[in-house]
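S.K.: could you work out the structure for the sequence below:
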Amino acid sequence: MNLDRELLLLDSRRIDGLGSILDAPQHQKSLTFAADETAPGTARRFTRDVLTAWGAEDLLDDVVLIVSELATNAERHGCHLAHHDGVEESKHRRHRDEITLTLALQAGVVGIEVEDNSPEPPVPRIASPYATGGRGLLLVSAVADAWTACPKQDGSGKRVIAFVKRPGTSLTP
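M.R.: Numbers count the residues shown, from 1 in each chain. Here you go, the predicted structure:
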């Protein structure tokens with residue numbers, strides 16, 4: 001088993017039982033938007049507005065960073081496209097290339113869920129020192145208290161889930 005998979009499994013075990021934050025939160029709001037170059041900005045604006053309305057400004061910087069990285073990954077890697085004979089085709093023709101961002105708040109913990117149309121799990125990589133990208137999941141790992149990815153129940157894509165807690169808040173349900 002490689003280190004990336006071990007990290008994902010570790011976070012998955014830490015997240016077991018935390019589903020209540022997303023399933024039955026005090027506050028929850030979702031937005032579905034196009035998986036295009038505007039996706040990260042749309043996700044950041046939505047996150048700032050929602051967390052401000054919920055009075056969770058103290059978590060704003062960390063949650064916005066995570067949302068931005070996950071939305072960028074979903075736009076670049078998650079919703080797009082296989083190449084066949086030099087022509088781009090959607091992996092899931094019945095689905096438009098969309099991203100759904102769900103934010104939830106319960107007992108000082110913000111749940112972040114980003115859904116896209118690709119069943120491929122996110123893969124952390126080691127970027128060269130000169131690369132301008134490739135560090136998104138490392139940032140998510142550094143900032144989130146826990147994160148994981150899992151397939152959507154209908155098989156049409158995946159969900160990437162992260163949690164950020166207020167200091168002094170337990171991640172145990």
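S.K.: how many residues are close by residue 129?
M.R.: Residues lying near residue 129 (other C-beta atoms under 10 Å) number 4. Where you see a C-beta, it was placed from the backbone N, CA and C, and this is true even at glycine.
S.K.: oh sorry, the question was meant for residue 52
M.R.: 11.
S.K.: contact partners for it?
M.R.: Contact partners of residue 52, counting by C-beta atoms under 8 Å, 6 or more residues apart in numbering, are residue 60.
S.K.: that one should be in a strand, yeah?
M.R.: No. Assigned with DSSP: H, G, I helix; E, B strand; the rest coil, residue 52 falls outside any strand and is helix.
S.K.: from residue 41, how far out is it?
M.R.: 17 Å (C-beta to C-beta, to the nearest Å).
S.K.: show me the shaky parts of this structure.
M.R.: The model of the chain has pLDDT under 70 over residues 1-22, 24, 79-96, 170-173.
S.K.: show me where this structure has strands.
M.R.: Here the chain has its strands, by DSSP state E, at 27-34, 82-84, 87-89, 98-106, 109-116, 146-151, 158-165.
S.K.: so which bits of stretch 154-162 are buried?
M.R.: 156, 157, 158, 159, 160, 161, 162 (16 or more other C-beta atoms under 10 Å).
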